[in-house]
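Visitor: attaching a predicted model along with its sequence, questions to come.
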Amino acid sequence: MEELIEELYAIIEDDTIPKNVKQKIESAIAALQEENVEESLRANKALQELDELSNDPNIPSYIRPQLWNIVSQLESH
């Protein structure tokens, strides 16, 4: 999980990412970092946030594969 959180932080540090996309990613990070919540539930919450981004036209094309990779890793949890 920590590795996925780090990857998400790396994405939001990119200056080309729109603010609304950063907010969704930050929500996903917050869901992953929730303590006292089962890991599968945290992953599902984060997936909901990231799934909404998959079709967002504001995401730069080079970021989309990174998000898909993170989503696929979360789905395996």
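Guide: Structure received.
Visitor: quick one: mean pLDDT over stretch 10-27.
Guide: Averaged across stretch 10-27, pLDDT comes to 94.
Visitor: now stretch 30-46
Guide: Rounded mean pLDDT across stretch 30-46 is 95.
Visitor: now what about it, what contacts it?
Guide: The contact list for stretch 30-46 (Cβ atoms under 8 Å, 6 or more residues apart in numbering) reads 1, 4-5, 8, 28-29, 49, 74-75, 77. Just so you know, the C-beta spots here come from the backbone N, C-alpha and C atoms, and that holds for glycine as well.
Visitor: 6 Å instead?
Guide: Residues from elsewhere that reach stretch 30-46, judged by Cβ atoms under 6 Å, 6 or more residues apart in numbering: 1, 5, 28, 74, 77.
Visitor: what about residue 2, distance to residue 33?
Guide: 10 Å (Cβ to Cβ, to the nearest Å).
Visitor: so which bits of stretch 28-40 are buried?
Guide: 28-29, 31-32 (16 or more other Cβ atoms under 10 Å).
Visitor: hang on, isn't residue 74 packed against residue 47?
Guide: Yes: Residue 74 is in contact with residue 47 according to Cβ atoms under 6 Å; the separation is 5.2 Å.
Visitor: between those two, which is the more surrounded one?
Guide: The neighbour count for residue 74 versus residue 47, taken as other Cβ atoms under 10 Å, is higher for residue 74 (21 against 17).
Visitor: for stretch 12-32, output the C-alpha coordinates as CSV.
Guide: Presented in CSV, the C-alpha positions along stretch 12-32 are these (Å, rounded to 0.1, in the frame of the first residue of the first chain):
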residue,chain,number,x,y,z
ILE,A,12,0.0,15.1,-7.7
GLU,A,13,3.4,16.7,-7.5
ASP,A,14,3.3,17.1,-11.3
ASP,A,15,2.5,20.7,-12.1
THR,A,16,0.6,19.8,-15.3
ILE,A,17,-2.1,17.9,-13.3
PRO,A,18,-5.4,20.0,-13.0
LYS,A,19,-6.5,20.9,-9.5
ASN,A,20,-9.7,18.8,-9.6
VAL,A,21,-7.7,15.7,-10.6
LYS,A,22,-5.3,16.4,-7.7
GLN,A,23,-8.2,16.6,-5.3
LYS,A,24,-9.5,13.2,-6.4
ILE,A,25,-6.1,11.7,-6.0
GLU,A,26,-5.7,13.3,-2.6
SER,A,27,-9.0,11.7,-1.6
ALA,A,28,-7.8,8.3,-2.8
ILE,A,29,-4.6,8.8,-0.7
ALA,A,30,-6.6,9.7,2.3
ALA,A,31,-8.7,6.6,1.9
LEU,A,32,-5.6,4.4,1.7
